[in-house]
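In: Just the structure for this:
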Amino acid sequence: QVQLVESGGGLVQPGGSLRLSCAASGSITSINLMGWYRQFPGQQRELVAAITSGGSPNYADSVKGRFTISRDSAKNTVYLQMNSLKPEDTAVYYCNARITTILPIQIMYYWGQGTQVTVSS
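Out: Modelled structure (predicted):
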């Protein structure tokens, strides 16, 4: 059984910063890709940022230059540093990971439970 546990969401003023964390646990052999998605009310989830096992990041145009994704492979953890936050960044943020497990032997995408980020004065 694999779990992704997120933390770090909350309320912040425009221009402020937040750091999200997501830790994976379970019978994990390897984590190939980790990323963050967000979902606005009434809309589908959209990719915010992703990072490969080699550390190569990819960002949505709307967050380039403001958000930074990083990972600690030893801790099976991915982070999202969000700076210069705007009210339009308000959403539920979800962690996502492509994980290879040993029991059973399979490769699957897993999701965290989501964490609310609210940017408001």
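In: switch to C-alpha atoms for all contacts and neighbour counts from now on
Out: Fine.
In: for the residue lying closest to R66 once chain neighbours are set aside, what are its contacts?
Out: Using CA to CA, 6 or more residues apart in numbering and skipping the chain neighbours, the partner closest in space to R66 is N83 (5.1 Å). Contacts for N83 (CA atoms under 8 Å, 6 or more residues apart in numbering) come out as 15-18, 66-67.
In: got a pLDDT number for Y94?
Out: pLDDT, Y94: 98.
In: Can you verify it is assigned to a helix?
Out: No: going by DSSP: H, G, I helix; E, B strand; the rest coil, the assignment for Y94 is strand, not a helix.
In: wait, what's in contact with the residue nearest to it when sequence neighbours are not counted?
Out: Excluding its sequence neighbours, the residue lying closest to Y94 (CA to CA, 6+ apart) is G114, at 4.4 Å. Residues near G114 by CA under 8 Å, 6+ apart: 6, 92-95.
In: Check the residues you listed and tell me the two furthest apart.
Out: E6 and V92 (11.3 Å; CA to CA).
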